Structures are given as C-alpha cells and as structure tokens.
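In: Predicted structure and sequence below. I'll ask about it afterward.
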Amino acid sequence: ITPVHLHYQHSASPEESRYLQGLAEGKLIGQRCPACEKVYIPPRGACPTDGVPTSEEVELPDTGIVTTFCIVNVPFLGQRIKPPYVAAYILLDGADIPFLHLVLGCDASEVRMGMRVRAAWKPREQWWTSLENISHFEPTGEPDAPYESFAHHL
C-alpha cells in the first residue's frame, strides 16, 4: 500500500461561490431557470435543459426526500463510518435535482425511497464554505412522499 497525495486548486464560479458562502451561513442556495423554472442546487449558472443563464437565487429548506439510495456494507481503507450505512440522493423541498449525502439516525434497513429527511448540521463553530457543514440527513418521522411526487427526479 502506497499513499498517494494529490494537490489541486479549484476556482469557483460566481454562482458556486454564492452557494458556498451560503453554506457558511447555514443556508442552501440554488438558482431557478427563467425558462423551465427548475431549481438547481448547487447552482450551475445556466440551465442544463434550456441553456439559458440562471440568475434568480432561491433559498431552499434543509428538508427533503430520499429518491434513491445505496446501503454500503463493504469496508474500505480510510472509511470514517462503520458499515452498514446509507448514501442517498436527497431531493430538497423546492429543488429539481437531488444531491448525494449520508442518511443516518436510523438503521440502514429502514431507509426507503420517499422517506422524509432533515439535515443534521454540525455545530456552528465547525462550519466553513462546504456541504460538509451538514453532517448527514436523518428521518423526520413524517409520512413518506408518494412515489409519483419524485419519480421524474430519479
């Protein structure tokens, strides 16, 4: 086993910079397409469907639903969570594209498509300009969303 290190520098776009700064303030900032009205988080600066610039910012709540998920059962080097755990695509309320994050706070076998979840934020003193400010998502206890409400986001 040989350790490998890679140093890279990323230049964030203005839209991505606003999203990252929002995270540092405990906000989830997306952008709405003026043509199709889809909300993208993180913002892309242009709608991938219509190809038009997106400029309207939308602050989204930290609640949403699990669209799809994977139960991780295989241990690997450097893993920070002991299996089994769940990596899931979370569709925030009001967004039109899900993003990948952890679902904890229940047994992995209890996670399901349509499950309502809420962000579990790290303590404020640990925040910076990163989605890592959200430790994970956990079940809200609300009834599951019907499949039809998220089927077109799979």
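Out: Noted; the coordinates are in hand. Numbering: from 1, shown residues only.

In: which non-adjacent residue is nearest the most centrally placed residue in the chain?
Out: Central residue of the chain (Cα atoms, centre = their mean): Phe99, 3.8 Å from the mean position. Distances taken as Cβ to Cβ, 6 or more residues apart in numbering put Ile90 closest to Phe99, at 6.1 Å, once the chain neighbours are dropped. All C-beta spots, glycine's among them, are computed from the backbone N, C-alpha and C.

In: just to revisit the earlier point, identify the residues contacting the residue nearest to the centre of the chain.
Out: Going by Cβ atoms under 8 Å, 6 or more residues apart in numbering, Phe99 touches Ile41, Pro42, Tyr89, Ile90, Leu92, Leu131.

In: Which residues belonging to stretch 114-132 are considered buried?
Out: By neighbour count with 16 or more other Cβ atoms under 10 Å, stretch 114-132 contains the buried residues Gly114, Met115, Arg116, Val117, Arg118, Ala119, Trp127, Thr129.

In: Now tell me what touches stretch 70-79 from outside.
Out: With contact meaning Cβ under 8 Å, 6+ apart, stretch 70-79 is reached by Ile1, Lys82, Pro83, Pro84, Tyr85, Val86, Ala87, Ala88, Ala108, Ser109, Val111.

In: hang on, I meant stretch 14-22
Out: 12, 28-31, 41-45, 54, 57, 59, 129-130.

In: can you check stretch 41-51 too?
Out: Contacts of stretch 41-51 (Cβ under 8 Å, 6+ apart): 13-16, 18-19, 28-31, 33, 35-36, 38, 40, 52-54, 57, 60, 92, 95, 97, 99.

In: any idea of the mean pLDDT for it?
Out: Averaged across stretch 41-51, the pLDDT comes to 93.

In: now swap in stretch 85-98 and tell me
Out: In the prediction, stretch 85-98 has an average pLDDT of 97.

In: Pull up the distance across it, start to finish.
Out: With Cα to Cα, to the nearest Å applied, stretch 85-98 spans 19 Å between its terminal residues.

In: List the buried residues in it.
Out: Tyr85, Val86, Ala88, Tyr89, Ile90, Leu91, Leu92, Gly94, Ala95, Asp96, Ile97, Pro98.

In: Just confirm the fourth one is within a strand.
Out: Yes - the assignment for Tyr89 (DSSP: H, G, I helix; E, B strand; the rest coil) places it in a strand.
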